[in-house]
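Peer 1: Just a sequence and a predicted model for now, questions to come.
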There are 2 protein chains.
Amino acid sequence: MKVRGQHFRTIWLKPDDECVVQLIDQRFLPQRFVIEEARTVEQMATAIREMHVRGAGLIGASAGYGMYLAAIKATDCPSVAEFDKHLAEAAVQLKETRPTAVNLSWAIERQLKNIAEGKTAAEKPALALRTARLIADEDAEHCRMIGHHGLALIQQIARKAGKPVNVLTHCNAGWLAFVDYGSATAPIYAAHDSGLLVHVWVAETRPRNQGSKLTAWELGQHGVPHTVIADSAAGHLMQHGDVDLVIVGTDRTTYTGDVANKIGTYPKALAASDNNVPFYVALPSSSIDWRMQDGLKEIPIEERCAEELKHADGWLAGQHVEVRVAPEESPAANYGFDVTPRRLITALITERGVCEANEKSIFSLFPEHVP
Amino acid sequence: MKVRGQHFRTIWLKPDDECVVQLIDQRFLPQRFVIEEARTVEQMATAIREMHVRGAGLIGASAGYGMYLAAIKATDCPSVAEFDKHLAEAAVQLKETRPTAVNLSWAIERQLKNIAEGKTAAEKPALALRTARLIADEDAEHCRMIGHHGLALIQQIARKAGKPVNVLTHCNAGWLAFVDYGSATAPIYAAHDSGLLVHVWVAETRPRNQGSKLTAWELGQHGVPHTVIADSAAGHLMQHGDVDLVIVGTDRTTYTGDVANKIGTYPKALAASDNNVPFYVALPSSSIDWRMQDGLKEIPIEERCAEELKHADGWLAGQHVEVRVAPEESPAANYGFDVTPRRLITALITERGVCEANEKSIFSLFPEHVP
């Protein structure tokens, strides 16, 4: 998508030096647009661990490129056995960065399998490069297709509404969380690029403010009209007819249609249901957990550091600082995600099309996963 | 309630000089406990306007004391006519501080009526003093009675739960918003003081953080166990059985039972309803609007400055500072309140007892308001 009018992905190979990976260091957004260069698997592991890059799709793509960097380094190895040993170590190092991210291990396993097809150490880096590119391109392509299928839904609503379509979203399921387009934002960008008038309500998403920091920034850079709101304000807007549809992303969705996403998604789904506002979840099928049946009972919910909730970080006279917003002595609890039960979800928007949030409808789009 | 083990109200007369009003300057909480002295109606008007004091009950009590300070000053007036002119000017000055607060004009009118009963300028300050004390004492007594009636509800739940009772609240409807006890917090303090084990989930209440700044502080000072959470986390806690009841306050409630309260109350009521958690609203009857029938259509919702939402204020190395948390160029919308429809409310807790959130039940407790 666009930054200052220029097209960017979140991660790419340096045009004049394919041994270097470039990525947007998201820690400084929206204040500064910083491009980082990773030349080693260690640097890539740091970028993932310290959240220079984040979001399901982008973590997978970064891991893919990280394995490629490891493969370049390993070409110095005198034997295939030593090469493989070096790669196995790199895989462990990358996997340990964000142990709960599903896409991470998936991308690494895919690299190991493909690299193993090379018969000499000299052949392997080219295979790693091809796979890294494939992972990134597939991620972008899946998001593009989500945009295509979601656009049809927005067009339908636009015909009925006869005015700019108001979309509400939560957290950042934008292109910054993937390689390009994003999941929840893909239909929004597709609608905007097609000339439809769309306006996005961006919930700020306490405590890390991925909404106000990342989603608002990327929508603004691409020229999509938007307004930042408190997480608490979504229900009020829906009560007053100011939201035509909700689109959110997901960190993990069960094959039965229960959706784990950033904390605060469930109350927005309740408000949507109470006000007859369609509630969509946009996701590449890589986010579907084909083993889990009951989201509320089975999906583990990460509890993060309490200090994160007791602070807010932002900018003061151009400096990035953190301020305390709660009494030092008060305990705090910081749940990262909640689970929205399938009954509150109008439909899922996937790379293969739109389906209902239930087992039958999901398997009809992805029959290869029927057990 | 208690601050550092000592009993405090939010506003009182200086013990050794009854011409001085003392009040807790809430702008510095939770970092610093500052007591301000007001000697003139101008100083009191500033304290209300600049939110050194806030909250329905406390604004009314402050206006009552402000009129008393005006009356002391006016004893210099040579005639009753000039005294009354001076008081009328003070009334206008106070009313203009927070034009939407119902308790403000109610307290001022009550003062003007009672002061008018004095036949000489010399008699009037004593009448003003009596009325100011009466307004403050009534506010405290109404909140104490809300605590009494609410305690019975918590005791019932404690018998069923057989474990510490988890209460969830939003914003600050604590003693800091009244003269003492608070509305939503009164049953919590009564339960805690009676030896019941209660734990309070405090929603931080973006963007002004009255939950994490004021409610967490006052609960902590009184020794009530509590945990600060993101506004978005209430639904998740209810889904997992971690909330036994919700108690919130209100800025205005229709005689039919619709409740306007801090933005974010409505989604919490939806989550409570979805998880069979009782949802109570605690209010002195002064918060009931006896003319309004349909809360969603009739109650005006204040839209506050967008910059408030784009910033967070807190403490950095002991200094109170404000940091920007959203892109400078992104618009924001900042709705102050939302309306929870009566169908989502289990009951209202008033100074006269508990009633259902409907016209018939409300009028049965307050028959003098039947039109």
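Peer 2: Thanks, I have the structure now.
Peer 1: Can you list the buried residues in stretch A:318-336?
Peer 2: Along stretch A:318-336, the positions that meet the burial threshold by neighbour count (16 or more other Cβ atoms under 10 Å in any protein chain shown) are A:321-327, A:330-336. From N, CA and C alone the C-beta is placed, and that goes for glycine too.
Peer 1: Now the residue lying farthest from the centre of chain A. Its backbone dihedrals?
Peer 2: Note on chain A: the largest separation between a C-alpha and the mean C-alpha position, by Cα atoms, centre = their mean, falls on A:Pro78 (39.1 Å). Comment: the main-chain dihedrals of A:Pro78 come out as phi -70, psi -20, following degrees, to the nearest 10.
Peer 1: ok, now the one 4 residues further on?
Peer 2: With angles defined as degrees, to the nearest 10, A:Glu82 shows backbone torsions of phi -70, psi -40.
Peer 1: Near chain B, which residues of the stretch 101-250 of chain A are found?
Peer 2: On the criterion Cβ under 8 Å from any Cβ of the partner chain, chain B has as its neighbours in the stretch 101-250 of chain A the residues A:202, A:204-207, A:209, A:212-213, A:216-217, A:220, A:226-237, A:239.
Peer 1: From the residues you listed, which land in strands?
Peer 2: A:Val202, A:His226, A:Thr227, A:Val228, A:Ile229 (DSSP state E).
Peer 1: Who are the packing partners of the helix-or-strand element of chain A with minimal mean pLDDT?
Peer 2: Confidence across the helices and strands of chain A bottoms out at strand A:303-304, with a mean of 88, counting by mean pLDDT, DSSP states H and E. Using 3 or more Cβ pairs under 8 Å, 6 or more residues apart in numbering or on different chains; DSSP states H and E, the elements in contact with strand A:303-304 are strand A:334-335.
Peer 1: Just give the strands next to the strand it packs on in its sheet, each with its orientation.
Peer 2: Here strand A:334-335 is paired, per DSSP bridges, with strand A:303-304 (antiparallel).
Peer 1: Out of the ones in strands among the residues of the stretch 101-250 of chain A next to chain B, grab the one that's most surrounded.
Peer 2: Going through those with other Cβ atoms under 10 Å in any protein chain shown as the criterion, the one with the most neighbours is A:Val202, at 32 neighbours.
Peer 1: Any idea what that one is bridged to?
Peer 2: With DSSP bridges applied, A:Val202 shows beta-bridge pairing to A:Thr169, A:Val228.
Peer 1: any weak-confidence spans in chain A?
Peer 2: A:99-101 (pLDDT under 70).
Peer 1: quick one: buried residues of the top strand by length along chain A?
Peer 2: Taking residue count as the measure and DSSP E as the definition, the longest strand of chain A comes out as strand A:17-25. Buried residues in strand A:17-25, counted by 16+ other Cβ under 10 Å: A:Val21, A:Gln22, A:Leu23, A:Ile24, A:Asp25.
Peer 1: ok, is it in contact with chain B or not?
Peer 2: No: with Cβ under 8 Å from any Cβ as the threshold, strand A:17-25 lies outside contact range of chain B, at a closest distance of 15.2 Å.
Peer 1: Could you list the alpha-carbon positions for that strand in PDB?
Peer 2: What follows is strand A:17-25 as a C-alpha-only set of coordinates in PDB (Å, rounded to 0.1, in the frame of the first residue of the first chain):
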ATOM      1  CA  ASP A  17      21.600  -6.300  -3.000                       C
ATOM      2  CA  GLU A  18      19.600  -9.400  -2.700                       C
ATOM      3  CA  CYS A  19      21.600 -10.500   0.400                       C
ATOM      4  CA  VAL A  20      19.800  -7.800   2.400                       C
ATOM      5  CA  VAL A  21      16.200  -7.800   3.600                       C
ATOM      6  CA  GLN A  22      14.500  -4.500   4.200                       C
ATOM      7  CA  LEU A  23      11.500  -4.000   6.400                       C
ATOM      8  CA  ILE A  24       9.400  -1.200   8.000                       C
ATOM      9  CA  ASP A  25      10.400  -0.900  11.600                       C
END
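Peer 1: centre of the chain versus that strand, how much separation?
Peer 2: For strand A:17-25, the distance from its own C-alpha centre to the chain's C-alpha centre is 20 Å (Cα atoms, centre = their mean, to the nearest Å).
Peer 1: and if you look at stretch A:319-328?
Peer 2: On Cα atoms, centre = their mean, the centre of stretch A:319-328 falls 27 Å from that of its chain.
Peer 1: who's in contact with that stretch?
Peer 2: Residues from elsewhere that reach stretch A:319-328 (Cβ atoms under 8 Å, 6 or more residues apart in numbering or on different chains): A:28, A:31, A:309-315, A:332, B:30, B:204, B:209, B:212-213, B:216-217, B:220, B:228, B:312-316, B:321, B:323.
Peer 1: can you rerun that using 7 Å?
Peer 2: Outside of stretch A:319-328, the residues within contact range by Cβ atoms under 7 Å, 6 or more residues apart in numbering or on different chains are A:31, A:310-313, A:332, B:30, B:204, B:209, B:212, B:216-217, B:220, B:228, B:312, B:314-316, B:321, B:323.
Peer 1: In chain A, which helix is the longest?
Peer 2: helix A:124-161 (DSSP state H).
Peer 1: hey, where'd the helices end up in the stretch 251-371 of chain A?
Peer 2: Along the stretch 251-371 of chain A, the segments classed as helices by DSSP state H, counting those that start in this stretch run A:265-274, A:295-298, A:306-310, A:359-365.
Peer 1: what separates the first one from the chain centre, distance-wise?
Peer 2: Relative to its parent chain, helix A:265-274 has a centroid offset of 21 Å by Cα atoms, centre = their mean.
Peer 1: again with the shortest one
Peer 2: For helix A:295-298, the distance between its averaged C-alpha position and the chain's averaged C-alpha position is 21 Å (Cα atoms, centre = their mean).
Peer 1: List the buried residues in that helix.
Peer 2: Of the residues in helix A:295-298, those with enough neighbours to count as buried (16+ other Cβ under 10 Å) are A:Gly295, A:Leu296.
Peer 1: Please apply the same query to the last one.
Peer 2: Within helix A:359-365, the residues that qualify as buried are A:Ile362, A:Phe363, A:Leu365, counting by 16+ other Cβ under 10 Å.
Peer 1: on that earlier part again, could you let me know which of the buried residues of strand A:17-25 ends up closest to chain B?
Peer 2: For the buried residues of strand A:17-25, the residue nearest chain B by Cβ to the nearest Cβ is A:Ile24; the value is 15.2 Å.
Peer 1: Bridged to the closest one, which residues?
Peer 2: The partner list for A:Ile24 in beta bridges (DSSP bridges) reads A:Ile35.
Peer 1: Kindly report the residues of the stretch 251-371 of chain A close to chain B.
Peer 2: Within the stretch 251-371 of chain A, the positions lying close to chain B (Cβ under 7 Å from any Cβ of the partner chain) are A:263-264, A:266-267, A:270-271, A:274, A:296, A:309-310, A:312, A:314-316, A:321, A:323-327, A:329-333, A:335, A:338.
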